[in-house]
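Student: Could you look at this predicted model? Sequence included:
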Amino acid sequence: MGEGPVALAKFGDSPPRLLLALVGAVAAGVLMSFGQTFAAEGVAPLFNSAAPVVALAAVVALAARTRSSHLAGGAVAGPLAMVGYYTTSQLRGFPVSMRMVVFWSVAGVVAGAAAGLAVWLLRENGTGAVRAVGAGYLPGVAVGEAAHGLTRIADTTPVAYWWVLAAAGVALLAWTAGRHLDGSRLRLMAAVATVVVAAGLWAVYGLA
């Protein structure tokens, strides 16, 4: 039987909050499309990057109650944001590549599910070592995307933005590890997880 039916029931314990979170994912995608056109140059990368979408998946997962529903909420948030983004971009007359739609939608499912799992772990679930890995996930996304910006597209995007994103990732790691992990060993594991996630995201960006 598993926890599937129970997870779905508990996931619906607060339908207004959950519905708001999912609608917010689509709205965030719409905002990303307009942000690419109208945002100030210094923050323009915010509307064309993975970090805010993964953060959105984590926020949506906060409406969940069980491990399965955390994973489901995170996995759905990324593709919904892509629906909002690409639909709005096409309606505004911009060309949309089906390859990019598929690539980033699949990436959104994987990265969003991981964000949902990280949120579940940080809610004091799992062993200390596994929670340490979860604590390094979101900071790793920020640091990895910052590394991509600094090493690959620094000549066409504001470098200061990427440094701020990297600093935000490090600050998030320090806060998360300090709040949710006990002892230097677990905090060191979280730092290692951050580096591994960052390297993985940097590699994925190289395939896009």
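Tutor: Everything's here; your move.

Student: how about stretch 86-99: buried residues?
Tutor: Buried positions in stretch 86-99, judged by neighbour count with 16 or more other C-beta atoms under 10 Å: 86-89. Every residue, glycine included, has its C-beta placed from N, CA and C.

Student: Take the residues you listed and lay them out in a markdown table including distance to Ala75.
Tutor: What follows is the buried residues of stretch 86-99, written out as a markdown table (distance: C-beta to C-beta, whole Å):
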| residue | distance to Ala75 |
| --- | --- |
| Tyr86 | 18 |
| Thr87 | 19 |
| Thr88 | 22 |
| Ser89 | 22 |
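
Student: Tell me the one of the residues you listed nearest Gly126?
Tutor: Nearest to Gly126 among these, counting by C-beta to C-beta, is Tyr86 at 34.7 Å.

Student: next one: phi and psi at that closest one?
Tutor: Torsion angles at Tyr86 (phi, psi; degrees, to the nearest 10) stand at phi -70, psi -40.

Student: OK, contacts around it?
Tutor: 29, 33, 96, 101 (C-beta atoms under 8 Å, 6 or more residues apart in numbering).

Student: Looking at the buried residues of stretch 86-99, spot the one nearest Val110.
Tutor: Looking across the buried residues of stretch 86-99 and measuring by C-beta to C-beta, the closest to Val110 is Tyr86, at 17.8 Å.

Student: Let me know the distance separating that closest one from Val30.
Tutor: Going from Tyr86 to Val30 by C-beta to C-beta, to the nearest Å gives 10 Å.

Student: Next one: the spatially most central residue of the chain from Ala177, what distance?
Tutor: Note on the chain: the residue nearest the mean C-alpha position is Val54, at 1.0 Å, using C-alpha atoms, centre = their mean. Using C-beta to C-beta, we find Val54 at a distance of 18 Å from Ala177.

Student: Do a quick rundown of the helices in this structure.
Tutor: Secondary structure of the chain (DSSP state H): helices at 4-11, 15-38, 51-61, 67-91, 98-122, 128-152, 159-180, 184-207.

Student: so which of these comes closest to Pro45?
Tutor: The closest of the helices of the chain to Pro45 is helix 159-180. By C-beta to C-beta, the value is 5.1 Å.

Student: Can I get the closest one in CSV, CA atoms only?
Tutor: Extracted C-alpha coordinates of helix 159-180, given in CSV (Å, rounded to 0.1, in the frame of the first residue of the first chain):
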residue,chain,number,x,y,z
VAL,A,159,29.4,40.1,-12.8
ALA,A,160,28.3,41.7,-9.6
TYR,A,161,25.0,39.7,-9.7
TRP,A,162,26.9,36.4,-9.8
TRP,A,163,29.1,37.4,-6.8
VAL,A,164,26.0,38.4,-4.8
LEU,A,165,24.4,35.1,-5.7
ALA,A,166,27.5,33.2,-4.6
ALA,A,167,27.6,35.1,-1.3
ALA,A,168,23.9,34.4,-0.8
GLY,A,169,24.5,30.7,-1.3
VAL,A,170,27.4,30.7,1.3
ALA,A,171,25.2,32.7,3.7
LEU,A,172,22.3,30.3,3.2
LEU,A,173,24.7,27.3,3.9
ALA,A,174,25.9,29.0,7.1
TRP,A,175,22.4,29.7,8.3
THR,A,176,20.9,26.3,7.4
ALA,A,177,23.8,24.3,8.8
GLY,A,178,23.9,26.4,12.0
ARG,A,179,20.1,26.1,12.5
HIS,A,180,19.5,22.5,11.5
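
Student: No more questions from me, cheers.
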